[in-house]
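Asker: Here is a sequence with its predicted model. Questions after.
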Amino acid sequence: MTKDLWSDRYASRANGLSASEVRALFAVVSRPEVVSLAGGMPFVPALPKERMIESFQSLMSDRSAVALQYSGGQGDPKLREHIQEIMALEGIKSDIDNIVVTTGSQHGLDLVSSLFLDPGDVVLAEGPSYVGALGVFRARQAHIEHVYTDDNGISPEALAQTIKRVQAAGKNIKFLYLVPNFANPSGVTLAAERRAQILEICRRNRILVLEDNVYGLLYFEEKAPEALRSLDEDGVIYLGSFSKILVPGFRVGYVLAPPSIKDKLVLANESAVLCPSAFSQMMISEYLSTNDWKAQISVFRDEYRLRRDAALSAMNEYLPNLKTTKPGGGFYLWVDLPEGVDSKKMLPKAVENLVAYTPGTAFYGNGTGQEFLRISYSYPTPENIKVGVERLAKTISAELELVT
Ligand code: PMP
């Protein structure tokens, strides 16, 4: 690595920036012989490319002057109408005036953090929680407190206790960050009856809820319960994305903000990017207007269900004694390793055995999580998932021999 000539000149918050464990893996896992169960890549090949080409041609021949130009900081009104329709599928009634289009939902996370987080503030999050969000909170010098989470999502009792403990220590809790549906990394969904309880606890303590729902429409059997935002318009900032229900390459996500926050969010968006890409937004809008996008989401569901089933049946065949979550949607399985096996230390050996996963430590802000790993089944073929899990089982049993 090159020596950093400017290391004494950085702002202190630059210390919070570190390569995520998932990013660091990308170079290794792109080798074709490695089965990657690591990064959560959407299965883009399931999207009919010809339909995208048609949208591109129509956009470029009819509206290129607008598509290639700067545009408004809040996002294209036509796309915001589509977003309104998409959110309605999860029970959300919205006004398009409160929707802000962002450069992926990752950017939405950063904008909200820039508005609310001062150094030393506390963000509450599920344990485990999405690595990319933890990175954003850390970069803002916030402290992350994980709240006990089980197979039904974050626990309301644990949430109330954590708030009490953190507040008694004199700390300022700014928001609760949640991935309530088919979570990254656990695959778990927050039970309907817990949702109202959690909102009530946060409302009482003046804590905003940041609801990150990028997987909600990718259910396999039952729909996810209605969004937390559908129960509380003023206390929930809702994040969505086209990355998982369409493609990540356009980098288009959105925030549905409480009306009182929306203006500041638009200003923050303008300050960061001037405007989200007009081209990307109009491509998505054109595609949605001229295609049966709901049927396409259903195609994605079928693809991911097939892969989830392959992953679970391979776990059952090769690692029957390990506890794993049984996701009802989304991209991920969360695996509890046998005692003494450390997922971070084991990773180089797994890669030697030509399989990659993400160690559990990536999903905790406090250095714990060694006893877990995340399997992402979204991209490999079902056959390769089986091969990958078999290689993982071989790696774990070699590791167990060392431990015992
Ligand atoms: N939130 C969650 C929970 C995610 O898993 C991801 C992508 N891995 C994102 C947000 C960011 O997605 P994007 O910026 O592509 O919309």
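Answerer: Now that the structure is in, tell me what you want to look at. All of these numbers come straight from a predicted model, not from anything done at the bench.
Asker: And the nearest residue to Asp336 once chain neighbours are set aside, its phi and psi?
Answerer: Leaving aside its chain neighbours, Asp336 sits nearest to Lys323 (4.2 Å; criterion: Cβ to Cβ, 6 or more residues apart in numbering). From N, CA and C alone the C-beta is placed, and that goes for glycine too. When read as degrees, to the nearest 10, the backbone of Lys323 gives phi -80, psi 130.
Asker: Please apply the same query to Lys262.
Answerer: Per degrees, to the nearest 10, the backbone of Lys262 is at phi -50, psi -50.
Asker: Ok, Val255 next?
Answerer: According to degrees, to the nearest 10, Val255 has phi -120, psi 130.
Asker: What's the local residue count around it?
Answerer: 27 (other Cβ atoms under 10 Å).
Asker: just the helices in the stretch 101-250 of the chain please.
Answerer: 104-116, 131-139, 156-168, 192-204 (DSSP state H, counting those that start in this stretch).
Asker: looking at the ones you listed, which is closest to the ligand?
Answerer: helix 104-116 (2.7 Å; Cβ to the nearest ligand atom).
Asker: What's the mean pLDDT across the closest one?
Answerer: What helix 104-116 shows for mean pLDDT is 98.
Asker: Flag every buried residue along that helix.
Answerer: 104-114, 116 (16 or more other Cβ atoms under 10 Å).
Asker: likewise stretch 113-132?
Answerer: Neighbour-count burial for stretch 113-132 [16+ other Cβ under 10 Å]: 113-114, 116-117, 121-132.
Asker: quick one, domains of the protein?
Answerer: 12-47+295-403, 70-290 (automatic domain parsing).
Asker: Next one, pLDDT for Met1 please.
Answerer: Reported pLDDT for Met1: 64.
Asker: And for the one 10 residues further on?
Answerer: Note on Ala11: pLDDT of 89.
Asker: My guess is Val131 contacts Ala362. True?
Answerer: Yes - the pair formed by Val131 and Ala362 meets the contact definition of Cβ atoms under 8 Å, at 4.6 Å.
Asker: out of the domains of the chain, nearest to Ser55?
Answerer: Nearest to Ser55 among those is domain 70-290 (4.2 Å), distances taken as Cβ to Cβ.
Asker: so, in contact with the ligand or not, that closest one?
Answerer: Yes - Domain 70-290 lies within reach of the ligand by Cβ under 6 Å from any ligand atom, at 104-106, 130, 132, 179, 184, 212, 214, 241, 243, 248, 253.
Asker: Tell me the one among the buried residues of helix 104-116 nearest to Val34.
Answerer: Among the buried residues of helix 104-116, and counting by Cβ to Cβ, the member closest to Val34 is Gln106, at 25.3 Å.
Asker: contacting residues around that closest one?
Answerer: 132, 136, 253 (Cβ atoms under 8 Å, 6 or more residues apart in numbering).
Asker: Could you give the number of residues near the nearest residue to Phe279 once chain neighbours are set aside?
Answerer: Closest residue to Phe279 apart from its sequence neighbours, by Cβ to Cβ, 6+ apart: Ala67 at 4.8 Å. Neighbour count for Ala67, taken as other Cβ under 10 Å: 21.
Asker: And Ala67, what's its pLDDT?
Answerer: 96.
Asker: The nearest residue to Thr149 once chain neighbours are set aside and Ile92, how far apart?
Answerer: Spatial nearest neighbour of Thr149, excluding adjacent residues (Cβ to Cβ, 6+ apart): Glu126 at 4.4 Å. Distance of Glu126 to Ile92, given as Cβ to Cβ, to the nearest Å: 21 Å.
Asker: and if you look at Phe372?
Answerer: From Phe372 to Ile92 the distance is 32 Å (Cβ to Cβ).
Asker: Could you list the low-confidence segments of the stretch 301-404 of the chain?
Answerer: Within the stretch 301-404 of the chain, the ranges that satisfy pLDDT under 70 run 404.
Asker: show me the contacts for the closest residue to the ligand within it.
Answerer: For the stretch 301-404 of the chain and the ligand, the shortest gap (Cβ to the nearest ligand atom) falls at Phe331, measuring 7.6 Å. By Cβ under 8 Å, 6+ apart, Phe331 lies in contact with 40, 42, 182, 184, 187, 215, 218, 244, 304, 376-378.
Asker: remind me which residues of the stretch 1-150 of the chain are low pLDDT?
Answerer: 1, 20-26.
Asker: burial count for Glu270?
Answerer: So Glu270, with other Cβ under 10 Å, has 13 neighbours.
Asker: and it, what element?
Answerer: Glu270 is located in helix 259-273, with elements delineated by DSSP states H and E.
Asker: Now do the buried residues in the helix or strand that comes right after that helix.
Answerer: Per DSSP H and E, the first helix or strand lying C-terminal to helix 259-273 is helix 278-290. Within helix 278-290, the residues that count as buried by 16+ other Cβ under 10 Å are 278-288.
Asker: Show me what helix 278-290 is packed up against.
Answerer: helix 49-67, helix 77-88 (3 or more Cβ pairs under 8 Å, 6 or more residues apart in numbering; DSSP states H and E).
Asker: Tell me who's in contact with the closest residue to Val389 other than its chain neighbours.
Answerer: Take Val389 and drop its neighbours on the chain: the residue closest to it by Cβ to Cβ, 6+ apart is Ala314, 3.6 Å away. Residues in contact with Ala314 (Cβ under 8 Å, 6+ apart) are 385-386, 388-390.
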